[in-house]
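1. The following comprises the amino acid sequence and a computationally predicted model.
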Amino acid sequence: MAEAPETRYLRVADGTFIAYQAVGDGPVDLVFGLNSDGSNVDLIWEEPDWRLFLSGALEFGRVIVHDRRGLGVSSRNVALPTLETQVSDLVAVLDAVDADNPILVGSSESGAMHAVFAATHPDRVSGMLWNNPRGRMAWAPDYPWGRGREEFEQDMRDALAWGTAEYGRAVAHWREAERRGVPSGDAAFDVASTSEFVNAYARINRNTATPDVAERIMQIYWETDVRAVLPSVRTRTIVVTGTRDDVAEAEYVASLMPNATLRVIEGRSGVAVDPITGFLREMAGVAPVPVGLDTVLATVLFTDIVGSTARQAALGDKKWKDLIEAHHALVRASLTRWHGVEIDTAGDSFYATFDGPARAIRCALEIVEGVRALGIEIRAGVHTGECEVIDGKQAGLAVTIGARVSNAAGPSEVLVSQTVKDLVAGSGLTFGEPSARQLKGVPGTWQLSPVRDT
């Protein structure tokens with residue numbers, strides 16, 4: 001393209017400005033997720049590799065891109081985006097451009113966010129392409145493809161060169177290795193990149209974030225694990241990798257999503273413009289797998305008053321009724337403030353759902369603090385999982401697990417499942433040591449962590 005398309009701004013609910021572009025008039029909407037090392041909607045069209053992907057997609061669809069909060073030309077003086085805020089910001093962008101059922105296109109970290117979006121809003125997605133998928137960044141016994149602690153610490157040191165010609169040269173070297181199908185760990189490979197490419201990569205990198213922000217983003221990504229969400233991604237998904245990438249990792253990630261198909265191309269898939277554009281054309285021309293609205297990913301919150309029976313007996317029916325009414329008013333005010341949906345209440349307990357786990361936790365913490373003024377304590381449990389929708393209400397095993405997590409909490413304690421903890425990296429929430437628990441009627445052992453009031 002001769003010049004970058006027009007950039008627009010939208011102001012989301014918390015006042016943050018999100019920069020976005022919607023380019024072209026094709027019948028299919030394609031949302032491209034920009035990774036954190038190159039998120040600048042004004043400059044991405046000058047990036048040597050991205051411009052080829054975006055221009056190719058314009059031949060048959062409308063291209064939608066946006067900068068995450070804290071990056072690029074979106075608001076920079078804000079907290080960095082968690083998965084939860086990334087999802088809500090993407091909803092706002094899609095609403096702004098009237099995109100009802102786009103195809104989501106991402107790689108590595110941006111693909112992970114798209115997976116959470118697709119699981120949370122199955123009615124807003126018609127398909128997903130995830131290039132070089134990663135369920136998590138960090139190594140774990142059950143995730144041998146992750147990076148070890150020493151590798152991560154080296155990445156953090158490398159971030160000190162963020163935005164410099166040195167960093168641009170490293171990016172150019174990496175991309176050229178991908179083009180030639182050379183494994184990333186091949187120390188013998190070397191290439192002299194043109195100064196034009198080096199300067200382009202460094203300039204976009206520099207105009208995406210500063211080194212301190214880059215370090216924080218790496219930390220968030222290191223702490224994130226989306227594997228528990230992937231079975232809830234029911235949209236038609238193409239997972240792409242190359243014969244000289246880590247095929248086993250891509251196979252594993254694809255196996256977790258019920259409607260995912262693995263496509264392995266020759267060499268490496270990172271900048272394989274023609275094959276990936278071909279997959280997108282295929283996806284755009286084939287009716288997506290129908291998404292049943294009988295299941296949805298949701299975060300459930302359960303609360304109940306500690307020692308309610310004894311307190312009721314001590315107060316008597318009239319004073320107990322007054323206390324319960326005050327309790328209910330306080331809980332409902334908090335649910336409204338944190339965008340929770342009350343599903344059910346029985347006596348002294350509440351069951352509510354949220355479209356993001358961080359909001360559910362902060363709501364629970366607020367309720368814990370608020371009811372102390374009433375002379376009572378509550379316990380709370382938070383879990384994220386795939387819920388069945390019955391008569392417009394979330395139900396099923398995930399809801400049962402949420403209730404059992406709440407039952408395991410102590411007075412004035414908010415207890416969360418490991419899935420929740422994995423999804424709120426970067427939120428500023430802190431947790432105590434996890435403990436293995438058995439949940440009544442639920443198979444297996446569950447790692448539950450208390451939330452530290454922050």
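-> Yep, it's here. From a predicted model like this one, the values you see are computed outputs, not experimental measurements.

2. Burial check on the residue nearest to residue 328 when sequence neighbours are not counted, number of neighbours?
-> Nearest non-adjacent residue to residue 328, counting by C-beta to C-beta, 6 or more residues apart in numbering: residue 345, 6.9 Å away. C-betas here are computed from N, CA, C, even on glycine. Residues near residue 345, counting by other C-beta atoms under 10 Å, number 16.

3. tell me the secondary structure for residue 345?
-> Three-state assignment for residue 345 (DSSP: H, G, I helix; E, B strand; the rest coil): strand.

4. check contacts around residue 432.
-> Counting by C-beta atoms under 8 Å, 6 or more residues apart in numbering, residue 432 touches 449, 450, 451, 452.

5. Direction included, what does the helix or strand harbouring the second one pair up with?
-> Under DSSP states H and E, the secondary-structure element containing residue 450 is strand 445-452. As defined by DSSP bridges, the strand partners of strand 445-452 come to strand 414-417 (antiparallel), strand 430-431 (antiparallel), strand 435-438 (antiparallel).

6. what does the second one rub up against?
-> When contacts are defined by C-beta under 8 Å, 6+ apart, strand 430-431 is touched by residues 416, 421, 449, 450, 451, 452, 454.

7. Now for this protein, the helix or strand with the poorest mean pLDDT.
-> Lowest on mean pLDDT, DSSP states H and E among the helices and strands of the chain sits strand 393-395, with a mean of 80.

8. Give me the helices and strands touching that one, please.
-> Secondary-structure packing of strand 393-395 (3 or more C-beta pairs under 8 Å, 6 or more residues apart in numbering; DSSP states H and E): strand 295-305, strand 341-346, strand 378-390.

9. Pipe those into a markdown table and attach mean pLDDT and distance to residue 6 per row.
-> As requested, the helices and strands packed on strand 393-395 are arranged in a markdown table below (pLDDT from 0 to 100; distance: least, C-beta to C-beta, whole Å):
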| stretch | mean pLDDT | distance to residue 6 |
| --- | --- | --- |
| strand 295-305 | 91 | 34 |
| strand 341-346 | 89 | 36 |
| strand 378-390 | 90 | 37 |
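
10. Mind putting the ones you listed into CSV with distance to residue 260?
-> Converted to CSV, those look like this (distance: least, C-beta to C-beta, whole Å):
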stretch, distance to residue 260
strand 295-305, 16
strand 341-346, 29
strand 378-390, 15
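
11. and these, which is most packed in?
-> The highest average neighbour count among those, using mean count of other C-beta atoms under 10 Å, belongs to strand 295-305 at a mean of 25.

12. Show me where the protein has its helices.
-> Using DSSP state H, the helices of the chain run over residues 50-57, 83-96, 108-120, 149-158, 165-180, 195-206, 211-223, 247-255, 273-285, 308-315, 317-337, 357-371, 397-408, 418-423.
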